[in-house]
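A.B. asks: Mind looking at a prediction? Sequence and model below.
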Amino acid sequence: MIDVFVSYRTVDAGYGAAGCYEFFAARFGPDRVFRDCTSVLPGEVYPEAIEKALEETRALVALIGPDWLAAGAEGRRLIDLPGDWVRHEIGRALERGILVVPVLLNDAGALVPSALPNDIRPLAYRQAARVHHRSFGSDVRRLIDQIVELVPELGRSDPAGLTPNLPLDVVSNILPQAGPHLVPSSGAMRGVRLSPARFRPICLTLVVEVWLRQSPGPSARGRSRFGGSDPRSERHARRSGCSTPRYAVAMLS
């Protein structure tokens, strides 16, 4: 059962979608949050998988970056194309009458009704949330809590009841050889600060899966979410190619 559908354009919200997915999946479980490149398995027919998720989901989060209304290779705006998946996802969610939350990334401007096709024009009248890369963790946690208030069923099916204590600190980048030592045995999630020249500043977030080689124990934060005893976590780990389902999330400034 999908509870939250993450809709985005790769061109301007790829990293933002990856970061949001990790926070939502940590709160509700990876099998209850849909993000196309993570939730659609190899060999699956992706249009069918997307359509199925759109019919199940209780809420859709529309991530809107600065190029969300940009033109494609043919000179026409992608949002004006009938086959645009972002337009279709939002249109179906509005048609179903479920919660649709526009999320403005960084300094993306508010949507103007006249700039949208008729079928998704109501999106411009939805109150938007804003997520900035320098306050990504706190912004997304606040967004999750607000969605739970608006859709109480999400909170009732969440055994933890609270957004997990994922890290607030923002890192510039990480060394290619960075490994398990990023997270000490005490369980505190920490990142590494290096030269910002290694990554482009337009990147919103970098989701870093930290491979913890020590055996599961009470020192690991979020053990109930990321420990090997949770089959949903194991499935998420197999999809991500991890040797263990426990991971941490780091942000890219």
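C.D. replies: Structure received.
A.B. asks: List the contacts of Leu63.
C.D. replies: When contacts are counted by Cβ atoms under 8 Å, 6 or more residues apart in numbering, Leu63 touches 6-9, 13, 16-17, 20, 103, 105. Just so you know, the C-beta spots here come from the backbone N, C-alpha and C atoms, and that holds for glycine as well.
A.B. asks: what sits opposite it in the beta ladder?
C.D. replies: Beta-bridge partners for Leu63, by DSSP bridges, are Val103.
A.B. asks: per-residue pLDDT, it?
C.D. replies: Looking at Leu63, its pLDDT stands at 98.
A.B. asks: how much space is there between it and Phe23?
C.D. replies: Leu63 is 13 Å from Phe23, where distance means Cβ to Cβ, to the nearest Å.
A.B. asks: And for Glu95?
C.D. replies: Per Cβ to Cβ, Glu95 is found 27 Å from Phe23.
A.B. asks: Leu94 too?
C.D. replies: Taking Cβ to Cβ, one finds Leu94 at 24 Å from Phe23.
A.B. asks: end-to-end on stretch 61-81?
C.D. replies: One end of stretch 61-81 to the other measures 21 Å (Cα to Cα, to the nearest Å).
A.B. asks: one step back: more neighbours: which of Glu95 and Phe23?
C.D. replies: Applying other Cβ atoms under 10 Å to Glu95 and Phe23 shows that Phe23 carries more neighbours, namely 23 against 12.
A.B. asks: How about the more buried one: what's its closest non-neighbour residue?
C.D. replies: Leaving aside its sequence neighbours, Phe23 sits nearest to Val140 (Cβ to Cβ, 6 or more residues apart in numbering; 4.6 Å).
A.B. asks: List the residues that contact that neighbour.
C.D. replies: Taking Cβ under 8 Å, 6+ apart, we find Val140 in contact with 19-20, 23-24, 131.
A.B. asks: re earlier: can you pull the residues that touch both of Leu63 and Phe23?
C.D. replies: Between them, Leu63 and Phe23 share no contacting residue, judged by Cβ under 8 Å, 6+ apart.
A.B. asks: pLDDT at the nearest residue to Val11 once chain neighbours are set aside, what is it?
C.D. replies: Nearest residue to Val11, sequence neighbours excluded (Cβ to Cβ, 6+ apart): Asp67, at 5.4 Å. pLDDT, Asp67: 94.
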